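Make a model of this:
(one chain, ligands or ions: 1)
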Amino acid sequence: MVDDRLDVYDLIPKVELHCHVEGTVRPGTVVELARKAGRPLPVDDPSLLYRYDSLDSFLAVFWLVQETLVSRDDWARIAYESVVDGAAHGLRYREMFFTPARHLAAGQDLGDIVAGLTEGIEAAEAETAARCMLIAGIDKAYGGGAGLALVERLGELRRSGRAERVIGIGADSTELGVDMRQFQPAYAAARDLGLRRTCHAGEAVGVGPENIRLAIDVLGAQRIDHGVAIVEDPTLVARCASERIPLTVCPTSNVVIANRYRSLAEHPLVAMRDAGLLLTINTDDPAMMDLDLGREYRAVAEGCGVTAAWLANLAIDGIESTWLDAADRATLRAEFTAMTEGIVGDDA
Ligand SMILES: [Zn+2]
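Numbers count the residues shown, from 1 in each chain. Predicted structure coming up:
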């Protein structure tokens, strides 16, 4: 029975591997958290909160939202709302970033943050069909030392059984002027802890494919976030396709936040898939772009000229990009395939 309030793009079952919990906070929630934290906001109307006209002004809003998260309950609330909101648009499995550098520098405990996020996710999982694991994001702006300290603290938590939801690390935030090599010790420590590794690379305007190569060869990244600059290097495209190194692509974000393309019609998503790359479509920071996963899929359909069946197939193939084990992947693939047949028919 299809819910007629939802369209096909909401109904397509999806994995999402590139979404920052701090970028999913409902505007009304930011206002409430800011009031509670005693942090004045520059606007009274919550709908005006997520207005920005450049990457720098976007980051200013992102950091403002981060500053409203001061207690374990705040983290629990945003994680809960984030997963519930995703599930309403077809999210079935997410590996979600949280980037705690600012909070740790301000004296918050990583154990409390992870406990809050875990609590919120568990509450959302109990109410929806979505599941969610966590990726600890290194904020590149804080440098390699802070990155290594984050991984070491994560290791302590894992040894005491307090970070089981955190299955990997990533590195996000600014890319310009950052030497990726400084994060090598953090990535090596993460590998030794048995954590999976991904990395934002090849996103910002002015950055070519070299950061993608560094992420793979120096940091040992097993997945690349964004990575759209890869199209400038056919050898690297062929290598990532043959080694099945996934890229988590965020088409609307690349237009709206990074300003790398003027419109989705210019986005290389379709060419990347045609070249055999393993891809997922993701929202990155959906609340800040008035976006959700269903609207992202619709925007790609309309902007890139692909069908719902093409998107549903991409979503099924995206299961291979997850860090689920083989049995969970097989289960999810069977579920997606069955659901997809009922939604887009034999075209899939
Ligand atoms: Zn991102």
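
Show me what the helix or strand where M272 lies is packed against.
Assessed by DSSP states H and E, M272 sits inside helix 269-274. Contacts defined by 3 or more CB pairs under 8 Å, 6 or more residues apart in numbering; DSSP states H and E place helix 269-274 against strand 247-249, strand 279-281, helix 293-304. Heads up, the C-betas are built off the backbone N, CA and C, glycines and all.

Show me which residues of the longest one are buried.
It stands for helix 293-304. Across helix 293-304, burial judged by 16 or more other CB atoms under 10 Å covers L293, G294, R295, E296, Y297, R298, A299, V300, A301, G303, C304.

partner strands of the one helix or strand I169 maps to, parallel or antiparallel?
Secondary structure assignment for I169, by DSSP H and E: strand 166-172. Sheet pairing here is set by DSSP bridges, and for strand 166-172 it gives strand 131-139 (parallel), strand 196-201 (parallel).

so for it, what's the average pLDDT?
In this model, strand 166-172 has a mean pLDDT of 97.

between the next helix-or-strand element following that strand and strand 131-139, how many degrees?
Scanning forward in sequence from strand 166-172 by DSSP H and E, the next helix or strand is helix 184-192. Taking axes from the mean of the first three to the mean of the last three CA atoms, to 10 degrees, helix 184-192 and strand 131-139 form an angle of 160 degrees between their directions.

what residue ranges in the protein score low on pLDDT?
Along the chain, the model assigns pLDDT under 70 to residues 1-6, 346-348.

redo that, cut-off 50
Where the chain drops to pLDDT under 50, the residues are 1-2.

how many neighbours does the residue nearest to A315 when sequence neighbours are not counted have?
Closest residue to A315 apart from its sequence neighbours, by CB to CB, 6 or more residues apart in numbering: K14 at 4.8 Å. Neighbour count for K14, taken as other CB atoms under 10 Å: 30.

ok, K14 - contacts?
Residues in contact with K14 (CB atoms under 8 Å, 6 or more residues apart in numbering) are H89, G90, L91, R92, I281, L293, Y297, A315, G318.

from memory the fifth one sits against T252, does it?
No. Under the criterion of CB atoms under 8 Å, I281 makes no contact with T252, lying 9.4 Å away.

Among those two, which residue is more densely surrounded?
Taking other CB under 10 Å, I281 and T252 do not tie; I281 has more neighbours (26 against 23).

quick one: the residue nearest to A315 and V178, what's the gap?
K14 sits 31 Å away from V178, going by CB to CB, to the nearest Å.

try V256
Distance, V256 to V178, by CB to CB: 22 Å.

now swap in L33 and tell me
For L33 relative to V178 (CB to CB), the value is 29 Å.

where exactly do the strands run in the stretch 1-150 of the chain?
Taking DSSP state E, counting those that start in this stretch as the criterion, the stretch 1-150 of the chain carries its strands at 14-16, 91-98, 131-139.

count of residues packed around E266?
12.

so how far is L311 from it?
19 Å.

can you list contacts of stretch 72-87?
When contacts are defined by CB under 8 Å, 6+ apart, stretch 72-87 is touched by residues 16, 19, 21-22, 24-26, 29, 33, 36-37, 68-69, 91, 94, 96, 98, 112-113, 115-121, 123-125, 127-130, 132, 292-293.
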